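Undergrad: Fold the following, please.
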Amino acid sequence: MKFIRALIVCLLVLIAAQSWAQSSAELKRKREQLNRELQQLNDELRETQKNKKTTLKELNNLKAQISLREDKINNLNAEIRLLGNQINQNTNTVHTLQSQLDQLKKEYAAMIVFAYHNQSAYNKLMFIFASKDFNQAYKRLKYLQQFGNYRERQAASIQGTQHELNNKISELDRTKKEQYNLLEDQEKEKETLGKQKNDQLQVISNLSKQQGEINKQIRDGQRQMAQIDRQIRITIRREIEEARRQEEARLAAQRAAEAKAAAERAKAAGTAAPVASNRPAPKSTSSNSELLNATPEAAKLSNDFLGNRGRLPWPVANGVITQEFGMNYIEGIKTDNPGIDIRTGANAAVRAIFSGEVTSINNISGTYLVVIRHGEYFTAYANLKSVSVSKGAKVDIKQTLGTVATDAATGETQVHFELYKGQTAVNPKIWLAPQ
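TA: From the prediction side, this is the model:
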């Protein structure tokens, strides 16, 4: 029973340790990702601050950093709580192992005392020869042998338990040290967060002194966003109309084939051929989704694209979202973002998030917009300074489309990315893989 209880304790500890290791690894991975994003934003903020004139982009950068730093502090809190639980578990395990070790030593000491009182060969022989019969003598001989073997096993068990206890104590010390380091990191992040919030207030104060220039920046951004949105919708409508034209041509060809077959049947039967109707062929009543998925290839591409929701690669290898999908408020002015803005490094390659066909390439205020069709889905990549694909080209997943442009005035480098299902804009973030 003691062995079974010890085995159950070991299994529970093993299961808890495995679960803790998975959670700890995930939190560490997220902390490292947040550190990379914060470092990237720090580098870009330094470049932005070289421009003596305060800009909205500097404010957006600070807001993004504050948000990421708050996420990191929350992540650190989760790690610290997890380590606290692990410390409690390890402490309980150490106490359990210490109790087991004390019990084993107590039992072993009793065996040593017994063996001491019966250590002479004469006493052992007398114990055997005092048996009533041969069967009892054999059992007493086996008992003495088993007693010797049990002493050896107890000694080995004491050594093993002592070794495990030492390992657990070392692990407990390492966990406490790691928790201490995380607490120090957390305090530094809180201090930095406070400074950045003060910086944010200063930037807002500076911006309020140049409200006219800020409003102009916002209006310019809105105009460019409207141009991008209009061009994307024109491209999608053109694709839908082309799909409708092809569908109507297919239906017309089908009707002509049916009329020809009817005429041939009438001729073979010796009757008059049916008179063809002069009425125009009816227009296709298929929905936009049915039109865009009219071919087996398009339908398969749509299904594959949908099947990868939440796992699609980002349009840049490394980046931080600075403006989310939907309604955003910049200095009290409401803006509707049909996509997401991703800040990245200078000259970063912009890549297709899925295989498809390039349907349009347009110049928008000196930068390029690339639209790719994936069955009934469309992805749009804006603010490219150069393009390495052509209209009508087939592209593969992660294939480079061009390089992202950098704002000469602010030094900011970011790509604008949109995703549509038919003519409806959807939040791209929920389709992309977590970083």
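Undergrad: helices and strands around the longest strand seen in the chain, which ones?
TA: For the chain, the strand with the greatest residue count under DSSP state E is strand 377-387. Using 3 or more CB pairs under 8 Å, 6 or more residues apart in numbering; DSSP states H and E as the contact definition, the elements that strand 377-387 packs against are helix 211-269, helix 296-307, strand 356-364, strand 367-374, strand 400-404, strand 414-421. For the C-beta atoms, the positions are set from N, CA and C on the backbone; glycine is no exception.
Undergrad: make it 7 Å
TA: helix 211-269, strand 367-374, strand 400-404, strand 414-421 (3 or more CB pairs under 7 Å, 6 or more residues apart in numbering; DSSP states H and E).
Undergrad: Restrict it to CA atoms and write it as CSV.
TA: Taking Å, rounded to 0.1, in the frame of the first residue of the first chain, the C-alpha atoms of strand 377-387 are listed here in CSV:
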residue,chain,number,x,y,z
TYR,A,377,-12.2,36.2,-50.9
PHE,A,378,-10.0,39.2,-51.7
THR,A,379,-6.9,40.6,-50.0
ALA,A,380,-5.5,44.1,-50.5
TYR,A,381,-2.0,45.3,-49.7
ALA,A,382,-1.5,49.1,-49.7
ASN,A,383,1.4,51.5,-49.2
LEU,A,384,3.9,49.6,-51.3
LYS,A,385,6.8,51.6,-52.8
SER,A,386,7.5,48.9,-55.4
VAL,A,387,5.7,45.9,-56.8
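Undergrad: what sits up against that strand?
TA: Strand 377-387 is contacted by residues 228, 232, 236, 302, 305, 315, 350, 353, 361, 364, 367-372, 401-405, 414-421 when judged by CB atoms under 7 Å, 6 or more residues apart in numbering.
Undergrad: before we move on, the earlier item: is it possible to get TSV of the helices and strands packed on strand 377-387 that adds distance to Gln435, mean pLDDT and mean neighbour count?
TA: Shown next, in TSV, are the helices and strands packed on strand 377-387 (distance: least, CB to CB, whole Å; pLDDT from 0 to 100; neighbours: other CB atoms under 10 Å):
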stretch	distance to Gln435	mean pLDDT	mean neighbour count
helix 211-269	24	79	14
strand 367-374	22	94	23
strand 400-404	17	96	21
strand 414-421	14	94	24
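Undergrad: out of those, which comes closest to Lys391?
TA: strand 367-374 (9.2 Å; CB to CB).
Undergrad: so can I have TSV of the helices and strands packed on strand 377-387 showing distance to Leu62?
TA: Output for these, formatted as TSV (distance: least, CB to CB, whole Å):
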stretch	distance to Leu62
helix 211-269	15
strand 367-374	25
strand 400-404	21
strand 414-421	15
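Undergrad: Can you say which of these is nearest to Glu184?
TA: Of the helices and strands packed on strand 377-387, the one closest to Glu184 (CB to CB) turns out to be strand 414-421, at 33.5 Å.
Undergrad: so what strands line up beside that closest one?
TA: Strand partners for strand 414-421, identified by DSSP bridges, are recorded as strand 340-343 (antiparallel), strand 377-387 (antiparallel), strand 424-426 (antiparallel).
Undergrad: For that strand, output the C-alpha coordinates as CSV.
TA: Coordinates of the C-alpha atoms in strand 414-421 are reproduced here as CSV (Å, rounded to 0.1, in the frame of the first residue of the first chain):
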residue,chain,number,x,y,z
GLN,A,414,3.7,50.5,-42.3
VAL,A,415,1.5,48.4,-44.6
HIS,A,416,-2.3,48.7,-44.8
PHE,A,417,-4.0,45.4,-45.2
GLU,A,418,-7.6,44.6,-45.9
LEU,A,419,-9.6,41.3,-46.4
TYR,A,420,-13.0,40.9,-48.1
LYS,A,421,-15.5,38.2,-48.5
